[in-house]
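Enquirer: Everything below, folded, please.
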Amino acid sequence: MKKTLSILLSVILIFSIVSPVMAAIETNNIEVSAYSFDNKIYDEYQKVVITSDSIDFTKYEDSLTIDLSGTDKESIKNITIVGGTIEFDMLTYGVPEGLYALIVKYKDGFIPVEQWEPNAILVKEGHFIFNDEPAVASDALVNGITVKFYNVEIDTEVTAMIDNVFVKCTKVSDRVFRIYPTEANLVNKDSIDVRLIVPSGYYFRTIRVVESDVYLEKEIYSREEPFSFYINSKTVEFPMDSEDISVTISGNNRFIDVTDLIVYNSNKIKALTPLPLAAGTYQMAVTWNGTSEIYKMDFQVVTQGIKDNNELDKSVLDFFVIDGLDLKLTLFDNQVLRYVDSSSKTIDLSMYDFDSFSLDLRNSALLILLENNLGLNIKLKEYQFEISKQSLEAISTKDAYIVASKQEEFPAIDVRYIETSDNLYIDSNITGMKISVPFKQNVITYNRIEALVKDVDLAVNVEKAYLSNNMVSFTYQYTGTYKAVIMANTFSDVSSNYWGLKYISPLTAIGIIDGMGGGKFAPEGNITRAQFAKLIAVSVNLPIGDGLSYFQDIYTTAWYYKYVVALEKANIVDGAFFQAENSILRKDMAVMVMRAYAYYTGEDLQQLADNSFAKFNDLGGLTSEQVTCIMAAQQLGIIDGMSTIVYAPNSTATRAQAAAIIYRFMKVLELL
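Expert: As a prediction, the model looks like this:
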């Protein structure tokens with residue numbers, strides 16, 4: 001029996017309060033059969049089958065609906081119900097990548113019932129990745145563009161299209177293919193659509209195209225954002241000394257010599273300019289000592305409502321006082337009227353650094369905001385104040401003020417709290433305003449973010465906070481010094497006086513290392529090579545994805561496969577056999593961590609080793625690289641010996657020792 005069903009779109013809220021009339025939720029009565037879905041395919045539906053041994057869905061067809069949890073973008077059609085089986089076609093174009101629950105809803109008499117299967121539908125983006133993105137046009141014409149399927153193996157030939165034009169495609173392996181664009185495919189193109197066609201359908205992704213080996217990470221910038229330009233290279237190498245590099249910006253009758261440069265590595269530079277840029281098209285030119293090439297890259301600056309926003313900026317500056325790093329802003333009627341007329345609805349002072357900031361919002365100006373149903377948003381360098389209409393209404397008979405300062409100390413905090421922001425002292429009569437501060441941690445996952453507040457009596461209180469767009473936000477309630485923190489996990493086998501607690505807590509708080517389950521960390525247990533490989537990969541935020549490993553003893557189904565591949569790509573591990581499940585030896589741990597250090601910094605390990613004063617007498621029989629890495633790591637304070645003269649290179653390492661090494665490693669790299 002076929003019947004087209006209406007689609008009920010809803011989100012399952014875990015941990016929500018369940019009202020007495022909420023539907024009964026059952027999870028063991030249905031099974032879902034479906035392939036993984038592609039969120040880049042917009043015109044081809046894929047089949048889903050739901051079966052149940054205990055439910056006859058035919059009885060409930062008049063009230064039955066189907067829902068994919070957490071999204072409103074899926075589309076369902078061609079639904080067929082026969083007894084305990086439901087078949088339908090589903091389109092997931094635009095649905096974010098992830099695992100989704102599938103829910104069947106119906107009424108059994110007057111009682112609403114939900115049968116749902118968690119993690120039933122896997123949505124992927126394109127099902128393949130580009131081996132190297134973006135594509136350099138000249139290189140792609142000669143060497144092609146390599147694509148790798150990451151969750152399907154293709155045992156047949158693949159036909160390729162670029163922007164709906166067929167192109168040559170060759171098979172490298174069951175997961176890897178190479179497509180060859182023509183010059184017509186790439187001329188005057190910023191991106192191309194790649195479609196790989198297989199007998200069962202097709203897969204689709206878009207890749208950016210750049211003309212030069214040196215390119216900007218993005219080509220469109222907003223006037224509201226800080227002007228930080230990331231300059232990348234594919235094969236050419238930048239000098240490691242920024243003074244050898246020249247970066248200039250020209251356009252719109254402007255010429256700027258950019259001198260604030262940060263060289264991350266030989267393939268990545270960050271260029272910063274404090275000077276404002278009006279909307280328009282600009283060209284950046286990059287060259288350096290030792291090359292005759294000048295690499296030129298176009299970019300755009302765009303702004304909505306730029307005229308009104310400029311009027312606001314000019315008006316604010318009339319009553320804006322800069323005294324060194326002390327900023328003082330007074331808002332009268334005229335400034336607020338400009339604010340009301342602006343499209344940004346933000347007073348943007350983000351180009352000015354500060355130690356202290358004060359706001360004086362006069363009462364007549366405050367009333368203008370309320371008459372227009374507005375609050376007030378102020379953006380400082382790295383900090384934001386969002387004042388709601390309701391907060392202003394509470395002080396509608398007064399002038400409003402804020403005094404903020406970054407020059408406040410904070411009492412020592414419990415080791416379980418991991419600091420994630422600088423201290424910010426706030427005194428204001430505007431309660432309930434939202435304050436956002438920069439999040440300063442390399443976080444993979446986290447349990448709970450909070451704001452600690454030291455009040456005027458020096459007591460430390462805890463307020464709720466949350467993380468969004470790399471900013472920690474909390475609500476101002478009373479005068480005090482605020483600090484954002486992450487709450488670390490606690491483990492029953494790691495006591496408060498255990499030597500490794502100060503290393504374990506920070507790493508578990510930010511998701512670098514996990515426990516062993518059951519509330520235990522097993523600090524004295526050995527750590528395997530696979531486990532340590534994951535620690536290295538996530539600590540320096542290596543790109544984690546699918547790829548091909550040259551090790552003969554690891555398989556794509558292994559949990560650690562993607563981390564080992566990431567380390568291989570970065571030349572941190574190599575060889576024919578990885579021996580993932582073996583306990584890692586202290587000599588191998590030193591090599592792995594120092595190769596990662598060299599990858600991240602580009603520094604010479606031998607020079608570090610030569611400066612070491614370590615007197616280890618048990619390094620005989622090791623390779624020269626192993627000795628160099630041990631001595632370099634000791635020089636940086638990343639590792640300790642078992643004594644002043646014993647390193648024990650062939651001994652295994654405990655999980656607590658590994659946590660200590662990763663913690664010190666991240667501290668040296670300023671990642672903690």
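
Enquirer: Now the element after the helix or strand hosting F177, going C-ward?
Expert: When secondary structure is defined using DSSP states H and E, the element that contains F177 is strand 176-180. Moving toward the C-terminus from strand 176-180, the first helix or strand encountered (DSSP H and E) is helix 183-186.

Enquirer: returning to what we had before: and the contacts of the strand holding F177?
Expert: 131, 141, 144-149, 154, 158, 160, 162, 167-172, 194, 196, 548 (CB atoms under 8 Å, 6 or more residues apart in numbering). Heads up, the C-betas are built off the backbone N, CA and C, glycines and all.

Enquirer: Make a PyMOL selection of whichever of those turn out to be buried.
Expert: Buried subset of the contacts of strand 176-180, written as a PyMOL selection, criterion 16 or more other CB atoms under 10 Å:
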select buried, resi 131+141+144+145+146+147+148+149+154+158+160+162+167+169+194+196
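
Enquirer: So which of the contacts of strand 176-180 sit within strands?
Expert: Helix and strand membership here follows DSSP state E; of the contacts of strand 176-180, those in strands are 145-149, 160, 162, 167-171, 194, 196.

Enquirer: Which residue in the residues you listed has the weakest pLDDT?
Expert: Least confident by pLDDT among those: that is F149, with 77.

Enquirer: Quick check: G480 touching L424?
Expert: No. Distance between G480 and L424: 9.8 Å, which falls outside the contact criterion (CB atoms under 8 Å).

Enquirer: List the buried residues of stretch 187-197.
Expert: K189, I192, V194, R195, L196, I197.

Enquirer: where's D67, which helix or strand?
Expert: With the criterion set as DSSP H and E, the secondary-structure element containing D67 is strand 65-68.

Enquirer: For that strand, list the C-alpha coordinates in PDB.
Expert: Below are the C-alpha coordinates for strand 65-68, written out as PDB (Å, rounded to 0.1, in the frame of the first residue of the first chain):
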ATOM      1  CA  THR A  65       4.900  10.300  10.000                       C
ATOM      2  CA  ILE A  66       8.600  10.000   9.600                       C
ATOM      3  CA  ASP A  67      11.200  12.400  11.000                       C
ATOM      4  CA  LEU A  68      15.000  12.700  10.700                       C
END
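
Enquirer: Can you spell out which helices and strands pack onto it?
Expert: Under the contact criterion of 3 or more CB pairs under 8 Å, 6 or more residues apart in numbering; DSSP states H and E, the helices and strands touching strand 65-68 comprise strand 85-91, strand 98-108.

Enquirer: Try it again at 7 Å.
Expert: Packing partners of strand 65-68 (3 or more CB pairs under 7 Å, 6 or more residues apart in numbering; DSSP states H and E): strand 98-108.

Enquirer: List the strands paired with the strand it packs on, with their directions.
Expert: strand 65-68 (antiparallel), strand 111-124 (antiparallel) (DSSP bridges).

Enquirer: most tightly surrounded among those?
Expert: Neighbour counts averaged per stretch over the strands paired with strand 98-108 are highest for strand 65-68, at a mean of 22; criterion: mean count of other CB atoms under 10 Å.

Enquirer: model confidence over it, on average?
Expert: Strand 65-68 shows a mean pLDDT of 82.

Enquirer: same deal with stretch 383-391?
Expert: Taken as a whole, stretch 383-391 has an average pLDDT of 91.

Enquirer: hmm, who's touching it?
Expert: Taking CB atoms under 7 Å, 6 or more residues apart in numbering as the criterion, the residues outside stretch 383-391 that touch it are 370, 373-378, 402, 430-437.

Enquirer: Between those, which has the least confident prediction?
Expert: For those, the model is least confident at V437; its pLDDT is 84.

Enquirer: since we're on it, how many residues are nearby?
Expert: 23 (other CB atoms under 10 Å).

Enquirer: do you know how far V540 is from L671?
Expert: When CB to CB, to the nearest Å is the yardstick, V540 and L671 sit 7 Å from each other.

Enquirer: same thing with V247?
Expert: Distance from V247 to L671, counting by CB to CB: 26 Å.

Enquirer: more neighbours, the two?
Expert: Per other CB under 10 Å, whichever of V247 and L671 has more neighbours is V247, with 23 against 16.

Enquirer: so what's D574 scoring on pLDDT?
Expert: Residue-level confidence at D574 comes out at 91, pLDDT.
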